[in-house]
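S.K.: fold the following.
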Amino acid sequence: MAEVGQHEIPFEGDRPRSKARARLRRGIFLIPAAFTSANLLCGYYAVIAALMGTPEDFNHAAKAIGIAIIFDSLDGRIARMTGTNTEFGVQFDSLADVVSFGIAPAVLAYAWGVRSVTNLGPEALHQLGRFGWVCCLAFLICCAWRLARFNVKGMAPGGSKYFVGMPTPAAAGVIASVVHAFRKDGPLGVGGPLLDAHWSIPWLLLAVALGGLMTSTIRFYSFKDLPWGKKQPAILILLFLIFLALILNYSEITLLLLASTYAITAVTLHVVRVVRQRTSPRPAAP
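M.R.: This next block holds a predicted model:
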């Protein structure tokens, strides 16, 4: 009986501790889900703000998409750091991305580029609305297509250095950065929603082009191979602080340059790569 008691005492004493670990484990799983939910909240708010239709609401919608990009970049990283990445979290994140980086920028692009046009008659404006509806729908479909393909195939072959196709946050960021840069009474002049149909057409075609980049096979740098957890030179900290100061003080121009440079650089490198492959000498057949 004494031997049995010696085994029972530590067992009973460990039960509260194991329960505490289980509660902590459930809490850790909630951390990445909370960031994903914040991403979804920003996307939902961006849709509502775009539907409100005032120049200030459009700027708020663009900012909400930008904040959603930050939350989206953090939830997966936190899940990997804490060892709480699950298949459920992956699917939840993808569904949130469809709202924040598919529906929200599509609605924003349509409302900002079509609803305020004044230099067209009723029939021409109706045709422009139908054209815009189709273009923004194409953007949304390509976003969902891109996310589904990523869930099935993952990153580009050879590691996690490149994405296959433009990431959905980057495509949504281009639309949001343009709206934010050309906000009413912004630093680039009197902006606000587009009033001229001659600018609405290129704007809607830009949405289609971004959709095409998302479904393309062009490789986009993922920044996942950067040694974020290792010691860095002090100059990098200084450059980061300068970049942060530029965003805080000149967010319109800085974010527009950042989003457009990311897209243009990937397309340019892809063209250079294709040209090199076609012009490089091929070995003679035996």
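
S.K.: next up, the contacts around the most centrally placed residue in the chain.
M.R.: The residue lying closest to the centre of the chain (C-alpha atoms, centre = their mean) is P169, at 1.3 Å. Shown in contact with P169 (C-beta atoms under 8 Å, 6 or more residues apart in numbering): A68, I69, D72, S73, D97, F101. From N, CA and C alone the C-beta is placed, and that goes for glycine too.

S.K.: dump these to a markdown table, plus distance to T279.
M.R.: Converted to a markdown table, the contacts of P169 look like this (distance: C-beta to C-beta, whole Å):
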| residue | distance to T279 |
| --- | --- |
| A68 | 42 |
| I69 | 38 |
| D72 | 39 |
| S73 | 38 |
| D97 | 38 |
| F101 | 37 |
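
S.K.: just these now: which is nearest W133?
M.R.: Here the nearest of those to W133, counting by C-beta to C-beta, is F101; it sits at 19.0 Å.

S.K.: my read is that that closest one contacts I175, right?
M.R.: No. In this structure F101 lies outside contact range of I175 using C-beta atoms under 8 Å: 9.5 Å.

S.K.: and these two? Which one has more around it.
M.R.: Comparing F101 with I175 by other C-beta atoms under 10 Å, the one with more neighbours is F101, at 33 against 27.

S.K.: which ones are touching the more buried one?
M.R.: By C-beta under 8 Å, 6+ apart, the contact set of F101 is G43, I65, A68, I69, D72, C143, T168, P169, A171, A172.

S.K.: who are the contact partners of A263?
M.R.: So A263 contacts M166, A170, A171, V174, L210, L213 (C-beta under 8 Å, 6+ apart).

S.K.: from S177, how far out is it?
M.R.: 10 Å (C-beta to C-beta, to the nearest Å).

S.K.: same check on S200?
M.R.: 18 Å.

S.K.: and these two? which has more neighbours close in?
M.R.: S200 (27 against 23).

S.K.: what residues of the helix or strand containing the more buried one count as buried?
M.R.: Following DSSP states H and E, one finds S200 within helix 197-215. Under the neighbour-count criterion of 16 or more other C-beta atoms under 10 Å, helix 197-215 has 197, 200-201, 203-204, 206-215 buried.

S.K.: and stretch 137-147, by the same measure?
M.R.: A138, F139, L140, C142, C143, A144, W145, R146, L147.

S.K.: helices - which of the residues you listed land there?
M.R.: Residues of the buried residues of stretch 137-147 located in helices (DSSP state H): A138, F139, L140, C142, C143, A144, W145, R146, L147.
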